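In: give me the fold of what follows.
(4 chains)
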2 protein chains.
Amino acid sequence: MPFAKALTIKDIARRCRVSPATVSRVLNGFAHVRADTRARVKQEIRRVGYRRNGVARSLVLMRTRTLGLVLSDITNPFYAEIARGIEDQATRYGYTTVLCSTDNLPKRQREYIQILLERRVDGLILGSVRLREPEVEALAQGEGFPVVLVNRRLRSSRVDCVVVDNSGGARQLVEHLIRLGHRQIAHIRGPQQFSTGYDRFRGYRDTLRAHGLPYDPRLVVAGAFRYADGRAAAHRLLAGPIRPTAIFAANDLLALGALEALAEAGVRVPQEMAVVGFDDVEPSSYRAIGLTTMSQRIADMARLAVDLLVERIERGRRDPRQIVLPSQLVVRRSCGGASETPQSGDSAGRTSR
Amino acid sequence: MPFAKALTIKDIARRCRVSPATVSRVLNGFAHVRADTRARVKQEIRRVGYRRNGVARSLVLMRTRTLGLVLSDITNPFYAEIARGIEDQATRYGYTTVLCSTDNLPKRQREYIQILLERRVDGLILGSVRLREPEVEALAQGEGFPVVLVNRRLRSSRVDCVVVDNSGGARQLVEHLIRLGHRQIAHIRGPQQFSTGYDRFRGYRDTLRAHGLPYDPRLVVAGAFRYADGRAAAHRLLAGPIRPTAIFAANDLLALGALEALAEAGVRVPQEMAVVGFDDVEPSSYRAIGLTTMSQRIADMARLAVDLLVERIERGRRDPRQIVLPSQLVVRRSCGGASETPQSGDSAGRTSR
DNA sequence: TTGTACGCGTTATCAT
DNA sequence: ATGATAACGCGTACAA
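Out: Numbering: from 1, shown residues only, chains lettered A, B, ... in the order given. Okay, here's the model as predicted:
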C-alpha cells in the first residue's frame, strides 16, 4: 500500500484541456503561458489538491535535493546541535536531510553511505569519520562526489572539512589548569582513531612538555566519548598509582561521567579535584554542574559545512577546503578557577536553548 | 553538478552481452537466470562499482522506503532519543528517515509535511502535533496516508498514536509530593494546545482535588517546555503571592530551568523547595542534578511507532490504533523523598548512554 | 533461460 | 502560446 493513486500532471492536463507540458510550465512558473490558461490550471491544481511527484522530478532532473547526514549518535547533545544546525541551513537551500547514526561503527558508516548513495542524495555530510578513511577519500576525491566532513577531519586534507582547533583548545584548557597551580593533570582521552581524540590528546601532551611538566602515561586513561566511559575512567584514575589534582576529559560527556564517579567516591570538585571538558554542551552550563570547558560555535560549524557542500553540489567547486574554527574557554566552577573570570561561565546568560 | 554520469543497468547489460532485464533479475535475486550468466553479471557489477538508482526504482515501484520524522526540536534530549529509536527501527525495516524540526511552529509543521509528501515518503511520524490538527486528520483519515503520532496525541482518536499515560504520570508525581507532606504544590505547565501539557496539567489539578487540596491558579505558571521557560517560570513563582513548598514542572527541561532559578535565588533543593519533572532525560539522572521525574520507555515508544507505521504501509492496515504506555516514577534527591526508595533513582545504574 | 517493449511522472526539445 | 515526444533508469508482463 504505497503512495496510492495520486493525481498526475496528465490528469490535470486532461481536465483543463491542455497538454502536460503546459501544466508543467505553470507548476514551475515558466513563461509562454497565457494568463487565463495559467489561472485555469492553477485553479484546478489547488481544487483537486494536486501535489507534484518529487521522485519523477528527481529522475529527470538528476538530483534529489536531499543531503545525507552521517554522525555517531544523535542522542549525544553535541551531535544533536550539529544536526539541528545542518537541518536548518539545508532547509534554507531547499534540501531535506536524512539522518544516520553509526555509533562510531565503521561497518555501519559504510552501510549507511552505500544506502544514501543508492538513494541518490546530492551530497554527504560526515561527522563520524576516522583519521584514515580510504573509501571516503575515494568517493570524494576519486569519484568527485560532494562530501563535507564536520567536527572530525581526515589525516589527508583532500576532503572538505569544518572543525574546531582541537589541539589549541586542549592547550588552552591545560594551560588554565597549570596557571591554577596543578602539576598532576590527568587526561581521559578519546579514541585516537578520531581526529578529535587524537588532536586533543596531543594538545594535552605537548602543552605539558612546553611547560616543563613530565608527560606520564599513567595519568592517561581511554574512553569512547560517552558518559559511561568517563565514569569508568575516573574510577580507574582514582584507583591508579598517582592521584592527580586535575582531570582534562576529551569531551563534556566524559567529563560529566567523571564528575559522577568523583561524587560517588566522595571526592570534592573542585577542592580535591579540578575537572575540565570540551564542547560546552547544554548540561555543562547548568549551575549544578558548572563544567569548565571549551565552547564551540556548533551552529556555525554546521552552517559552514552545508555552505561548503552546496557550493560543491550547485557550483561544482572542486578544490578541497579546510575550515578550522576557534574555540573559546568557558570557566566555570569545576576547575576551581571561576573567580578569575567572573563574567564568563555564567549559565544564567544562556537563556534561549 | 548533481549525481553525475552514473552507470546504468543498460551499461552493465551491454558489457555482459545480456539484456537489461537479466541484469535486473540478477540485482534483485530473481530466479530464471543461468548460474554462469548470473556470476558474470555479478562480477561485472562489482568490477565497475555499479550502484542501482533508487530514484528510478522508487518511481516504478511506487515507494521510496523513506519515512518523514517531524518533531519539535532535535536538540531537546527527549526528542533526540525518540529520533534515535525511530531511526534504528526504521533501518531494520529498510527505511531511511528524514528529519524535520518545527520548533512547535504550526506553519513550519505544515510546510515540512508538504515537502515530505511531495518527496513521496511512504509514511509520516509526527511528534509535534497540537490537540487539534484538522489537516493531519484529513491526511491520515481522509486520504488514508500512513501517519503515526508519537508522544503527543490528537483530541480525536482517529489517528494512530503512541504516547505515555501523561495524566497518570502527573498523578503519581503529585501524590508522591503529597505523601511527603507538601500542601502548596506549584505547577509549571506546558502549552495547553499539546496533549502532553494538557494531560499533565489536568493530572495535577485533578489529583489535588482528589486529595482534598485546593486548586489555586496562582500556583500555576506557563512555559513552553524549554529550559529558559522553566527558569523564568520559577522566578515568577518565587516572586508570587504564595510561596509553594514544591514545584511540579511539566517536563524535565522546565524542571532543570527551575533548578537553575532556585540556585540563583539561593533557595535550597529539596530542603526549601522540592522539584519534580517529567521525561527522565539523561541530565536528570546526573548525581549533581538528581531530579525526581517520570521515566518513559522512550525507545519502546519509538519502536512501536515505527511498527504501527510499517504495518500501515506494508500491510495496509486501516483501523486507528492508540497505544498508551505506562511511565515509572523515579525518585531522586530533588524531591527530598529519595530515602523512601533508595534502590531507584540511582544514576549509577545507568551506565550505557 | 533470455529479450523486447512499455510504463512510472516529470522535464526539455522541438515543432507548430 | 501550446502540443507532441523523447528522455530519465528501472521493473515487469509477455514473447521468444
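In: where does the residue of the stretch 201-350 of chain A found nearest DNA strand D land in three-state SS?
Out: Using C-beta to the nearest atom of the strand, the closest approach of the stretch 201-350 of chain A to DNA strand D is made by residue A:313 at 17.0 Å. No exception for glycine: its C-beta is placed from N, CA and C like everyone else's. Three-state call for residue A:313 (DSSP: H, G, I helix; E, B strand; the rest coil): helix.
In: tally of neighbours for the closest residue to chain B within the stretch 51-200 of chain A?
Out: Residue nearest to chain B within the stretch 51-200 of chain A: residue A:63 (3.4 Å; C-beta to the nearest C-beta). Counted with other C-beta atoms under 10 Å in any protein chain shown, residues neighbouring residue A:63 total 20.
In: if we can go back for a sec, what about the residue of the stretch 201-350 of chain A closest to DNA strand D, how many neighbours?
Out: Counted with other C-beta under 10 Å, residues neighbouring residue A:313 total 22.
In: same question, the one 5 residues further on
Out: Under the neighbour criterion other C-beta under 10 Å, residue A:318 is assigned a count of 9.
In: one step back: thought the residue of the stretch 201-350 of chain A closest to DNA strand D was touching residue A:125?
Out: No. Proximity of residue A:313 to residue A:125 does not meet the contact threshold set by C-beta atoms under 8 Å, at 11.4 Å.
In: which non-adjacent residue is nearest residue A:318?
Out: What sits nearest to residue A:318 in space, not counting adjacent residues and going by C-beta to C-beta, 6 or more residues apart in numbering or on different chains, is residue A:144, at 7.1 Å.
In: coming back round to it: mind pulling up the pLDDT for the residue of the stretch 201-350 of chain A closest to DNA strand D?
Out: The score at residue A:313 is 98. That number is its pLDDT.
In: so the residue nearest to residue A:219 when sequence neighbours are not counted, which of the three states?
Out: Distances taken as C-beta to C-beta, 6+ apart put residue A:186 closest to residue A:219, at 4.3 Å, once the chain neighbours are dropped. At residue A:186, secondary structure determined by three-state DSSP is strand.
In: could you list the domains of chain A?
Out: Annotated domains of chain A cover A:9-52, A:63-165+A:297-326, A:166-296+A:331-335 [automatic domain parsing].
In: now for these, which one comes closest to residue B:95?
Out: domain A:63-165+A:297-326 (10.1 Å; C-beta to C-beta).
In: the closest one and DNA strand C, are they touching?
Out: No. Domain A:63-165+A:297-326 stays clear of DNA strand C (C-beta under 7 Å from any atom of the strand), getting no nearer than 10.7 Å.
In: what about that domain, distance to the chain center?
Out: Offset of domain A:63-165+A:297-326 from its chain centre (C-alpha atoms, centre = their mean, to the nearest Å): 9 Å.
In: could you do stretch A:248-258 as well?
Out: 18 Å.
In: how much space between residue A:277 and chain B?
Out: Separation of residue A:277 from chain B (C-beta to the nearest C-beta, to the nearest Å): 13 Å.
In: what's the separation between that residue and residue A:188?
Out: Separation of residue A:277 from residue A:188 (C-beta to C-beta, to the nearest Å) stands at 9 Å.
In: any common contacting residues for the two?
Out: Common neighbours of residue A:277 and residue A:188 (criterion: C-beta atoms under 8 Å, 6 or more residues apart in numbering or on different chains): A:249, A:254, A:255.
In: now do the strands in chain A.
Out: Using DSSP state E, the strands of chain A run over A:66-71, A:96-101, A:123-126, A:147-150, A:160-164, A:185-189, A:220-222, A:246-249, A:274-276, A:293-295, A:322-325, A:328-330.
In: go through those strands and pick out the most buried.
Out: strand A:246-249 (a mean of 31; mean count of other C-beta atoms under 10 Å in any protein chain shown).
In: then it to CSV, C-alphas only?
Out: Output of strand A:246-249 as CSV, limited to C-alpha atoms (Å, rounded to 0.1, in the frame of the first residue of the first chain):
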residue,chain,number,x,y,z
ALA,A,246,43.0,17.8,37.9
ILE,A,247,41.4,15.9,35.1
PHE,A,248,41.1,17.0,31.5
ALA,A,249,38.4,14.9,29.8
